[in-house]
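Student: Below are the sequence and a predicted model; questions follow.
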Amino acid sequence: MKSTMLLLMLSWAVHFHAAADEPTFKVFKISEANAYRVIYANPASGVIKLEIMNDRRQTLYQSVYHATRGIKLPLDLSELQDGKYYVSIRDGKNFFEQEIDHVHETGDFIFHATPLAGDPKKYLISVITPFHTSITLSVYDCNGKTLHQQHSTVRKQNALVLNLAKFTGPFVFELTDATGKKRAVWR
């Protein structure tokens, strides 16, 4: 009985030691809003390619790292909309991938100011929040002069077309939510 138990414990130890020498990969959400951490541990050194893809497998971001024993990286996905994303790591021999269901934390919002294709002096302003909130949209010229200011309530999603034909760009679009959090976009 003792020899069987010793043999079983020895086989576990050998398996654990072998597993520790194998590459490991994990993506996990950290306490800060919309922030994740990528950890890739590999006892070998070499070139590592990190890639982030959307749910249609289109590459949104990629980077190459030269690492010994792996990498630890923060990922800020605050500019991405809610949805499914894939984070992958490739090295010379291994491929790992993890799916992330990204949802913005309460209090966060997405804000875009995009020139319209047919009329570049008109901008589509879109705001997405996880809740109802009041916002202030301010548009400034490159000298900081306020060109437009508008207060409104956003009910999860809101969009408007803003005509800036009487002004000369570039512009700074700034959105402030009810808590004072600000986002700015240069166009």
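Tutor: Great, that's in hand.
Student: And the residue nearest the centre of this protein?
Tutor: In the chain, the residue lying closest to the centroid (Cα atoms, centre = their mean) is residue 77, at 1.2 Å.
Student: I'd assumed residue 36 was in contact with it.
Tutor: Yes. Proximity of residue 77 to residue 36 meets the contact threshold set by Cβ atoms under 8 Å, at 6.4 Å. C-beta: built from backbone N, CA, C; applies to glycine.
Student: which residues are common contacts for the two?
Tutor: Common contacts of residue 77 and residue 36, defined by Cβ atoms under 8 Å, 6 or more residues apart in numbering, comprise residue 100.
Student: Relative to residue 177, how far out is residue 103?
Tutor: 18 Å (Cβ to Cβ, to the nearest Å).
Student: Would you mind telling me which of these two has the busier surroundings?
Tutor: Neighbours were counted for residue 103 and for residue 177 using other Cβ atoms under 10 Å; residue 177 has more, 20 against 13.
Student: Next up, the contacts around the spatially closest residue to residue 79 that is not a sequence neighbour.
Tutor: Nearest residue to residue 79 in three dimensions, chain neighbours excluded: residue 110, at 7.4 Å (Cβ to Cβ, 6 or more residues apart in numbering). Going by Cβ under 8 Å, 6+ apart, residue 110 touches 79, 81, 104, 126-129.
Student: Quick check, pLDDT for the residue nearest to the centre of the chain.
Tutor: According to the prediction, residue 77 has pLDDT 80.
Student: tell me the contacts of it?
Tutor: Going by Cβ under 8 Å, 6+ apart, residue 77 touches 34-36, 85, 100, 102.
Student: Residue 39 too?
Tutor: Contacts of residue 39 were listed using Cβ under 8 Å, 6+ apart, and they are 24-28, 70-72.
Student: Lowest-confidence member of those, which is it?
Tutor: The weakest per-residue confidence within the contacts of residue 39 falls on residue 28 (80).
Student: Does it touch residue 73 like I think?
Tutor: No. Under the criterion of Cβ under 8 Å, residue 28 is not in contact with residue 73, lying 12.0 Å apart.
Student: which residues do those two both contact?
Tutor: Residues touching both residue 28 and residue 73 (Cβ under 8 Å, 6+ apart): residue 37.
Student: what's residue 134 in contact with, if anything?
Tutor: Contact partners of residue 134, counting by Cβ under 8 Å, 6+ apart, are 151-154, 177-178.
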